[in-house]
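> how would this look folded up:
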Amino acid sequence: MMYRNDDNVHYLFSALVVGSFFTENINEGAKASEIGDEITLKRERYNKFDKKAVAVYNHRGIKLGYITRHQNTAVANIMDSGMVSECFGIIQSLDKRRTSVGMLASIYYVCEEKDYIKIIYIIQRS
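Numbers count the residues shown, from 1 in each chain. I've put the predicted structure just below:
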């Protein structure tokens, strides 16, 4: 469920969040997260393991993991384009029982209407 009412918010896709093994405070972050919560996406251009890394944070600013490598190129490319004012997600499913957090999130981006077609082109080329 998305709580924003804005014509400039566009759905991108559903993405898996992985890598919670490598995040500090994951147990605290998972406990503070629920289905339907908004998550923040931040680019990590200088991540030594993945140049297209996109980190995922909960509403308390605790890192929950990363958009999977198989899906992060499109997100990273539109974030790097300078035409997107924000990328965020909504938690669709959350499994806190595993040793790592299992999460699926709907990913959205915000852009001006004049840039929408350019963003679609970037996504298609990713």
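> rest of the way, CA atoms for contacts and neighbours
OK.
> Show residues contacting stretch 119-126.
73-75, 77-78, 83 (CA atoms under 8 Å, 6 or more residues apart in numbering).
> Check those residues against Asp95 and report the nearest one.
Nearest to Asp95 among these, counting by CA to CA, is Val75 at 23.3 Å.
> can you give me the mean pLDDT across stretch 89-109?
Stretch 89-109 shows a mean pLDDT of 81.
> which residues touch the residue lying farthest from the centre of the chain?
No residue in the chain has its C-alpha farther from the mean C-alpha position than Lys114, which lies at 23.2 Å (CA atoms, centre = their mean). Lys114 makes contact with no residue, according to CA under 8 Å, 6+ apart.
> Distance check, it against Ile62.
34 Å (CA to CA, to the nearest Å).
> what do you get for Cys111?
26 Å.
> just Val110 next, same as before
For Val110 relative to Ile62 (CA to CA), the value is 22 Å.
> Need the per-residue pLDDT for Glu24.
Confidence score, pLDDT, at Glu24: 59.
> helices and strands of the protein: which one has the lowest mean pLDDT?
helix 26-31 (a mean of 61; mean pLDDT, DSSP states H and E).
> Off-centre distance for the following helix or strand past that helix?
Following helix 26-31 in sequence order, the next helix or strand is strand 38-43 (DSSP states H and E). The chain centre lies 5 Å from the centre of strand 38-43; the measure is CA atoms, centre = their mean, to the nearest Å.
> Who does strand 38-43 pair with, and is each partner parallel or antiparallel?
strand 54-57 (antiparallel), strand 84-95 (antiparallel) (DSSP bridges).
> could these be laid out in JSON lines, adding distance to Thr40 and mean neighbour count?
Shown next, in JSON lines, are the strands paired with strand 38-43 (distance: least, CA to CA, whole Å; neighbours: other CA atoms under 10 Å):
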{"stretch": "strand 54-57", "distance to Thr40": "5", "mean neighbour count": "23"}
{"stretch": "strand 84-95", "distance to Thr40": "5", "mean neighbour count": "19"}
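> out of those strands, which comes closest to Met103?
strand 84-95 (4.6 Å).
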